[in-house]
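**Q** here is my input; please provide its structure:
(2 chains)
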Amino acid sequence: MQPSLFSSNHLTVSQITFHIRKQLEGDPTLQDVWVEGEISNLSRPASGHIYFTLKDKNASLRSVMWKLDAGRLRMNLQDGMAIEAHGKIAVYEPQGQYQLIVNIVQPKGEGALYQEFLRLKAMLESEGLFDVDRKRPIPELPRVIGIVTSQTGAALRDMLNTLRRRLPLVRVILAPSPVQGVEAPPALVNALQSLNQQNPDVILLARGGGSIEDLWAFNDERVVRAVADSKAPIICGVGHETDFTLCDFAADLRAPTPTAAAELATQTTVDDLHSLLDTYQTRLASLTLSLLAEQKAGISSLISRLRYVSPERKIQSDIQRLDELSRRAFSALTHRIQLDVATVDGISKRLHSLNPEGILSRGYAIITRKLDHQVVSKISQASGGMTVRVSDGEFEVTRKS
Amino acid sequence: MAKTSAKKSEKSVEDLSYEEALAELEGIVSALEDEQNPLEESMKLFERGQALAAHCSVLLEAAQLKVQKLVGESVIAFEEESE
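**A** Predicted coordinates:
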């Protein structure tokens, strides 16, 4: 092509660079892209940003990871490492270079694993393995808890410590199994199946954190199906908060960590049981107290009714009547005696007036014959010796004429 | 009434597991709440309830996590590694 001296495309370096930048940064496929390659020329200056070149056999791509994203790296980048980097293409105008601004780095192969994960997930989901109505409730107060995990990992220790602290009443049956590597999936399936024969109330399927490859056994189709087929409800606690495995979807409950799985299996803790007991004891005591109070009230009402109909009342009134009668009898008697006394008095006075002694004191005398004690009231009667009685005594006389 | 009391388990409180004792305690409390029992029977229920609650409390205090391990078909005691 012949250059035209008078072409309208006559630009400064800045203008052309700006134009290229607009082209690259305006292309959506370049703004959200995964690039696979090997790290070289890795540099970590004090700024905290990370600079490296991604390359393969035929090409290389300058890359930078800003401090903020570099701080979130879950792996230690090294020269020669095969990685998958996610980011966007940008143009650095002062040097006229395009580069990849990286925000996520993962080991090479993880992307393929993720594709496999999505494929399997879609397949099992369409079979209904993850349906919500398949989920069984976790028993509130389990007696036997089954655990499927590595016998040596920290996950087991964490779970046992949690169970011991929250609900030491339970019996734990551990079905140990390797949790990573090619032997892990069949071993996990076997552990789940033999544990189910012990009829645990709930099973904890757990593993500590690790890379996506480390956790891969929990995305194995065989293991996911064994989880879905389990007779006992399963709580899955694999990896960290952010890790999701297919077992998480198939399980009846997902826990973010092994410790959380143990907590979810013990919704009722020993403290809850203590306070439940306290409640029962209080209710028992107050029920019994009110029962007794009721009985007491009944009894005292009966007592007062009994008292009303009691013969005691009749006895009391009889005694009163008796008292009344005896009072009246006494007063009648007294009256009578007083009357009698008055009569006797009158008689006595009259008697007194008839007393011969009174006459004697007035000078009269009573003469009696000595012979026959006959009172002499006529001359013819006066004979022999006679006794004369006067007021102060007696003397003897004899008739002379 | 005599029939119902005869039906109740008179297993010694000490022989009951925690779950059994708790279930019986629940039964006694609701029996006392809902039913009209003769006083003597109520007092008996109350006493048994007290004993059950005490038994549960002792079991709770004494509870120690029992950890076993599945080897093939059989269950054996599991020795935890000391740290």
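**Q** CA atoms for contacts and neighbours, from now on please.
**A** OK.
**Q** what about the chain, any weak spots by pLDDT?
**A** Using chain A here. Counting by pLDDT under 70, chain A shows low-confidence ranges at A:1-7, A:356.
**Q** meant chain B actually
**A** Low-confidence segments of chain B (pLDDT under 70): B:1-10, B:81-83.
**Q** and the strands in it?
**A** For chain B, the strands defined by DSSP state E occupy B:66-71, B:74-77.
**Q** mind giving me the packing neighbours of the first one?
**A** If contacts are counted by 3 or more C-alpha pairs under 8 Å, 6 or more residues apart in numbering or on different chains; DSSP states H and E, strand B:66-71 sits against strand A:171-176, strand B:74-77.
**Q** hmm, back to that, most packed of the strands of chain B?
**A** Among these, strand B:66-71 has the highest mean neighbour count (mean count of other C-alpha atoms under 10 Å in any protein chain shown), at a mean of 18.
**Q** kindly export that one (C-alpha atoms) in CSV.
**A** The C-alpha atoms that make up strand B:66-71 are tabulated as CSV, following Å, rounded to 0.1, in the frame of the first residue of the first chain:
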residue,chain,number,x,y,z
LYS,B,66,-17.7,-42.0,74.3
VAL,B,67,-15.7,-42.3,71.1
GLN,B,68,-15.6,-45.5,69.2
LYS,B,69,-14.1,-46.6,65.9
LEU,B,70,-15.5,-48.7,63.2
VAL,B,71,-13.1,-51.4,62.0
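**Q** thinking again about what came up before, distance to A:Met159 added to the helices and strands packed on strand B:66-71, as CSV?
**A** Converted to CSV, these look like this (distance: least, C-alpha to C-alpha, whole Å):
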stretch, distance to A:Met159
strand A:171-176, 10
strand B:74-77, 17
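**Q** please name whichever of these is nearest to A:Val224.
**A** strand A:171-176 (17.0 Å; C-alpha to C-alpha).
**Q** what does that closest one rub up against?
**A** Residues lying outside strand A:171-176 but in contact with it, judged by C-alpha atoms under 8 Å, 6 or more residues apart in numbering or on different chains, are A:143-151, A:191-192, A:194-195, B:65-71, B:75.
**Q** at 7 Å instead, please
**A** A:143-151, A:191, A:195, B:65-70 (C-alpha atoms under 7 Å, 6 or more residues apart in numbering or on different chains).
**Q** neighbouring strands - and their directions - for it?
**A** With DSSP bridges as the test, strand A:171-176 is paired with strand A:144-149 (parallel), strand B:66-71 (parallel).
**Q** around chain A, pick out the residues from chain B.
**A** With the criterion set to C-alpha under 7 Å from any C-alpha of the partner chain, chain B comes near chain A through B:29, B:32, B:46, B:50, B:53, B:57, B:60, B:63-70.
**Q** in those, find the pair that's most separated.
**A** Spatially, the most separated pair among the residues of chain B next to chain A is B:Leu32 and B:Leu70, at 44.2 Å (C-alpha to C-alpha).
**Q** angles on the backbone of A:Tyr114, please.
**A** With angles defined as degrees, to the nearest 10, A:Tyr114 sits at phi -60, psi -40.
**Q** circling back: filter the contacts of strand A:171-176 down to the buried ones, PyMOL style.
**A** PyMOL command restricting the contacts of strand A:171-176 to the buried ones, with burial defined by 16 or more other C-alpha atoms under 10 Å in any protein chain shown:
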select buried, (chain A and resi 143+144+145+146+147+148+149+150+151+191+195) or (chain B and resi 65+66+67+68+69+70)
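**Q** how far is whichever strand or helix holds A:Gly358 from where the chain is centred?
**A** Using DSSP states H and E, A:Gly358 falls within helix A:356-361. Its chain's C-alpha centre and that of helix A:356-361 lie 120 Å apart, by C-alpha atoms, centre = their mean, to the nearest Å.
**Q** contacts for it?
**A** Residues contacting helix A:356-361 (C-alpha under 7 Å, 6+ apart): A:390-391.
**Q** ok, stretch A:258-278 next?
**A** With C-alpha under 7 Å, 6+ apart as the criterion, stretch A:258-278 contacts A:138, A:140-141, A:155, A:158-159, A:162-163, A:166-167, A:204, A:206-208, A:235-238, A:255, B:53, B:57, B:60.
**Q** stretch A:240-252 now?
**A** Residues outside stretch A:240-252 that contact it (C-alpha under 7 Å, 6+ apart) are A:121, A:129-130, A:135-136, A:209, A:218-219, A:224, A:227-228, A:233-236, A:254, A:256-257.
**Q** residues in contact with A:Gly384?
**A** By C-alpha under 7 Å, 6+ apart, the neighbours of A:Gly384 are A:398-399.
**Q** quick check: the gap between it and chain B.
**A** To chain B, A:Gly384 is 113 Å away according to C-alpha to the nearest C-alpha, to the nearest Å.
**Q** so which of the contacts of stretch A:240-252 sit within strands?
**A** Using DSSP E, A:234-236, A:254 are the members of the contacts of stretch A:240-252 that sit in strands.
**Q** using PDB, write down the CA coordinates of stretch A:26-40.
**A** Only the C-alpha atoms of stretch A:26-40 are listed here, as PDB (Å, rounded to 0.1, in the frame of the first residue of the first chain):
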ATOM      1  CA  GLY A  26     -13.300  -1.600  24.800                       C
ATOM      2  CA  ASP A  27     -13.200  -5.300  23.800                       C
ATOM      3  CA  PRO A  28     -15.300  -7.300  26.300                       C
ATOM      4  CA  THR A  29     -13.500 -10.600  25.700                       C
ATOM      5  CA  LEU A  30     -10.200  -8.900  26.800                       C
ATOM      6  CA  GLN A  31     -11.800  -7.400  29.900                       C
ATOM      7  CA  ASP A  32     -12.800 -10.700  31.500                       C
ATOM      8  CA  VAL A  33     -10.400 -13.400  30.500                       C
ATOM      9  CA  TRP A  34      -8.500 -16.400  31.900                       C
ATOM     10  CA  VAL A  35      -5.000 -16.800  30.600                       C
ATOM     11  CA  GLU A  36      -2.900 -20.000  31.100                       C
ATOM     12  CA  GLY A  37       0.800 -19.800  31.200                       C
ATOM     13  CA  GLU A  38       4.100 -20.100  33.200                       C
ATOM     14  CA  ILE A  39       5.400 -17.400  35.500                       C
ATOM     15  CA  SER A  40       8.700 -15.800  34.700                       C
END
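**Q** much appreciated, bye for now.
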